[in-house]
Each structure stands twice: as structure tokens, then as C-alpha cells.
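S.K.: mind folding the following:
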Amino acid sequence: MSEQKTVWVTGASSGLGLHTAAALKEDGWRVIAGARSFEDGEADGIHRLKLDVTDEESIRRFCEKAQEIALPDALVQCAGMLVLGSCEETGTEEFRRVIDTNYLGMVRVNRAVLPLMRARGRGKIVLFSSINGLLGIPFQSAYTASKHAIEGYAECLAMEVKPFGIQVMLVEPGDHRSGSDKYRPHAAAMSETSPYAAEYERSVARIAHDEHNGSDPDVLGRKIARTLDRKRIPFRKRIASPDQHLAVYIHRLLPAKLNAAILRQYYTRKK
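M.R.: Numbering: from 1, shown residues only. Predicted coordinates:
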């Protein structure tokens, strides 16, 4: 009988991180999950530890406690948030908060975990990007920028850690029924008097509709678990509906102006 493998999961209290952690546990992994809202303990067969990916000291404590349970065979990074707003009216601190969580949070945790994996000569790192890591949509610039940063960072990381037996995978989810308004606030400056107000409201309504009618997050979790069971994992794994796969292909193929016109029409058109 093979030894049980261990995965550390960040951002595991809600959304896709919650569903992914649950799927990995059902697949037989020992799951050590981190989130800001957790208190140290165990629930539903998952080890829970407090973790704030924007805080170096919190990451250090998480890693110390997690190592006492088991060293990581895999790391799955799901912590994330967004702020909805126009580029003009999204404040610098709001941009910073999104990027600090979504992108720099991953960087911090990777820096803490990579020495453990290098010492063992193996490991798998899964970074949650998004379809928005490949294309932008109106009024979601901070989130889109953070996910584009993850895409470029992951390409560098994969090349650097390959000699140490460490594999990297980008997960690019489309819309899934797992979002929480708690993690997608509106920019503070957005108001009914904004010059962008009419198109902003239509775009936000479209984003909410697509998420509420999105794919099953449990299916996403099971797909990630099955992929991590493989000896070799792909660098990119897009988990999305057929129309969102098509949107990515169109974005690659069409001239920029035409592609932007299609996306703008989809998100801002009057019903």
C-alpha cells in the first residue's frame, strides 16, 4: 500500500479553494488547508490552519505547523479576491490589495515552500489563474492584472524549478458557481454619478449572471485531484465551459480591435 500523499491548500475557506480541498480529501490526499478565517484544528477530515497570504509571519507560522503534520507533496494556491470598478475609479490601495492577495500571496507562499520541495527532490505546485489571466473584461482590471501576472510568473517558475524535480501547473477556471460577494467588493469611488455608471451596472450584472449560472465547482475540484494523481502534470489546465474556451481561441485569433468590440458588446450592451 502506497504512503498517503499530502497537499497544502491556500484560500481553502470558500470558493474554488474550498471545493478543491474537499475533492482532494475525497481522492485520498492528506489535506492541510489554510485560510484567514480558520482556527487551528481539524474538520471533515481536513487539517485547518490559520493563514493570511499577505502576512509573512502568518505564512511562517502556517508552514511550521503544517510541517509538524506532514511535508507537502503538492501545494495548491487558491487564495484570491477581486474589486469591481473602472480603471479610473479603482483606487491605488484597492489595486494593491488585490495584487497583494492574488499574486504576491502566491509568491510569498512559494518562497516558503520551495526549499522543502527542493530538499526532497520533488513536488507539484498548482497556481490558480483564470480565464482573465488570458483576456481582460470591462470593470475587472485589478483582478485581470493580478491573473496576468500569475501567468508570466508561472512560466518563469516552471523553468527554474524543473532541475529540482518540481512541476508547476496553472489552473485557468472559467465561471463557476462558487463566488462570494464578500471577496468581490465594488471600488469605493464607484457611484451612480460615475461617468461609467450605466455600463458598469450592466457589466456587473452580466458578471454575476455568468457566475451564478457557471460550471459545477465540485467537478473542477475532482479534475484537479485526478490531474495531481498523475506522475506528470500539464503546465496549463483550463477548466471552463465550451463558450469560454471559444472566447480564449477567438482572443488569440482575431485582431485586437475586433476582439475588444466583441467583449465590450457582450458585457456592456443594453438588454
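S.K.: how about the strands of the stretch 101-250 of the chain, start to end?
M.R.: Secondary structure of the stretch 101-250 of the chain (DSSP state E, counting those that start in this stretch): strands at 123-128, 166-173, 236-239.
S.K.: out of the ones you listed, flag the one nearest Ser14.
M.R.: For these, the distance to Ser14 is smallest for strand 123-128, at 13.0 Å, taking Cβ to Cβ. C-beta: built from backbone N, CA, C; applies to glycine.
S.K.: counting contacts, what elements does the closest one pack onto?
M.R.: strand 74-77, helix 105-120, helix 141-161, strand 166-173, helix 217-228 (3 or more Cβ pairs under 8 Å, 6 or more residues apart in numbering; DSSP states H and E).
S.K.: any idea which of the ones you listed gets closest to Glu57?
M.R.: Across those, Glu57 has its closest neighbour in helix 105-120 (10.7 Å, Cβ to Cβ).
S.K.: tell me what angle that closest one forms with helix 141-161.
M.R.: If you take axes from the mean of the first three to the mean of the last three Cα atoms, to 10 degrees, helix 105-120 sits at 10 degrees to helix 141-161.
S.K.: what inclination does helix 105-120 have with respect to strand 166-173?
M.R.: Using the same axes, to 10 degrees: helix 105-120 against strand 166-173 is 150 degrees.
S.K.: quick one, helix 105-120 and strand 123-128 angle?
M.R.: 170 degrees.
S.K.: list the buried ones in helix 105-120?
M.R.: Gly105, Met106, Val107, Arg108, Val109, Asn110, Ala112, Val113, Leu114, Leu116, Met117 (16 or more other Cβ atoms under 10 Å).
S.K.: before we move on, what about stretch 203-216?
M.R.: Ser203, Val204, Arg206, Ile207, Asp210, Gly214, Ser215.
S.K.: how about stretch 231-251?
M.R.: For stretch 231-251, a neighbour-count test (16+ other Cβ under 10 Å) marks Ile233, Lys237, Arg238, Ile239, Ala240, Ser241, Gln244, Ala247, Val248, His251 as buried.
S.K.: average pLDDT for it, rounded please.
M.R.: Averaging pLDDT along stretch 231-251 gives 93.
S.K.: which residues does that stretch contact?
M.R.: For stretch 231-251, contacts defined as Cβ atoms under 8 Å, 6 or more residues apart in numbering pick out 124, 126, 131, 134-135, 154, 158, 167-175, 214-215, 219-220, 223-224, 227, 259, 262-263.
S.K.: ok so, going back, possible to save the buried residues of stretch 203-216 as CSV with distance to Arg60 and pLDDT?
M.R.: CSV is the format used below for the buried residues of stretch 203-216 (distance: Cβ to Cβ, whole Å; pLDDT from 0 to 100):
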residue, distance to Arg60, pLDDT
Ser203, 40, 94
Val204, 38, 93
Arg206, 41, 93
Ile207, 36, 91
Asp210, 38, 90
Gly214, 36, 85
Ser215, 36, 90
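S.K.: so which of the residues you listed are in helices?
M.R.: Among the buried residues of stretch 203-216, the ones falling in helices (DSSP state H) are Ser203, Val204, Arg206, Ile207, Asp210.
S.K.: shaky segments in this structure?
M.R.: Residues of the chain meeting the criterion pLDDT under 70: 1-2, 179-184, 271.
S.K.: nearest to Gln67, of the strands of the stretch 101-250 of the chain?
M.R.: Once the strands of the stretch 101-250 of the chain are compared by Cβ to Cβ, strand 123-128 is nearest, at 13.6 Å.
S.K.: so what touches the closest one?
M.R.: For strand 123-128, using Cβ under 8 Å, 6+ apart, the contacting residues are 11, 16-17, 72-78, 80, 106, 110, 113-114, 116-117, 150, 153-154, 157, 161, 164-171, 173, 224, 228, 233.
S.K.: of these, buried ones?
M.R.: Looking at the contacts of strand 123-128 with 16+ other Cβ under 10 Å, the buried ones turn out to be 11, 16-17, 72-78, 80, 106, 110, 113-114, 116-117, 150, 153-154, 157, 161, 166-171, 173, 224, 228, 233.
S.K.: quick one: contacts for Ser13?
M.R.: Here Ser13 is in contact with Ala33, Ala35, Arg36, Ser37, Phe38 (Cβ under 8 Å, 6+ apart).
S.K.: contacting residues for the last one?
M.R.: Yep, that's Phe38 we're talking about. When contacts are taken as Cβ under 8 Å, 6+ apart, Phe38 is in contact with Ala12, Ser13, Arg48, Leu49, Lys50, Leu51.
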